[in-house]
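**Student:** Have a look at this prediction, sequence included:
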Amino acid sequence: MPCIDGDALTPTGRQLLEALAEPRTDEEVKDIIGQRLFRVRISLRELMYAGLATVERGRYSLTDAGRAKLEEGRG
């Protein structure tokens with residue numbers, strides 16, 4: 001379930017970023033996107049390594065770069 005393909009978001013990556021429109025725990029993200037928790041955690045790490053998401057006190061959220069990437073696909 002990769003989130004990024006080159007410079008583009010995969011459908012899963014987009015779904016995850018949309019779920020992070022407000023800070024959420026990995027469990028909340030799992031419930032929103034309907035994937036297994038271990039897959040969600042792997043994908044969240046991938047987004048964090050790419051600089052698109054961050055985590056603070058167990059809650060994941062978008063970075064400015066994550067917001068821009070999400071908007072880029074909408075435009």
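**Tutor:** All right, it came through fine. Residues are numbered from 1 along each chain as shown.
**Student:** Let's see stretch 12-30 as CSV, backbone CA atoms only.
**Tutor:** Extracted in CSV, the C-alpha atoms of stretch 12-30 (Å, rounded to 0.1, in the frame of the first residue of the first chain):
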residue,chain,number,x,y,z
THR,A,12,-4.0,5.4,-0.8
GLY,A,13,-1.6,8.3,-0.1
ARG,A,14,-4.4,10.8,-1.1
GLN,A,15,-6.8,9.0,1.2
LEU,A,16,-4.4,9.1,4.1
LEU,A,17,-3.7,12.8,3.6
GLU,A,18,-7.4,13.6,3.4
ALA,A,19,-7.9,11.7,6.7
LEU,A,20,-5.3,13.9,8.3
ALA,A,21,-7.1,17.1,7.5
GLU,A,22,-7.4,17.3,11.3
PRO,A,23,-5.0,15.7,13.8
ARG,A,24,-5.9,12.0,14.3
THR,A,25,-4.5,8.9,16.0
ASP,A,26,-3.4,5.9,13.8
GLU,A,27,-6.5,4.1,15.1
GLU,A,28,-8.8,6.9,13.9
VAL,A,29,-7.1,6.9,10.5
LYS,A,30,-7.6,3.1,10.4
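**Student:** got the residue ranges for the strands in this structure?
**Tutor:** 4-5, 8-9, 53-56, 59-62 (DSSP state E).
**Student:** Identify all contacting residues around the second one.
**Tutor:** By CB atoms under 8 Å, 6 or more residues apart in numbering, the list of residues contacting strand 8-9 from outside reads 3, 17, 69-70, 73. Every residue, glycine included, has its C-beta placed from N, CA and C.
**Student:** Check the average confidence over it, would you?
**Tutor:** For strand 8-9, mean pLDDT is 85.
**Student:** strands paired with it, and their directions?
**Tutor:** strand 4-5 (antiparallel) (DSSP bridges).
**Student:** Would you reformat the contacts of strand 8-9 as a markdown table and include neighbour count and distance to Val55?
**Tutor:** Putting those into a markdown table (neighbours: other CB atoms under 10 Å; distance: CB to CB, whole Å) gives the following:
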| residue | neighbour count | distance to Val55 |
| --- | --- | --- |
| Cys3 | 23 | 15 |
| Leu17 | 21 | 14 |
| Lys69 | 22 | 17 |
| Leu70 | 19 | 17 |
| Gly73 | 12 | 22 |
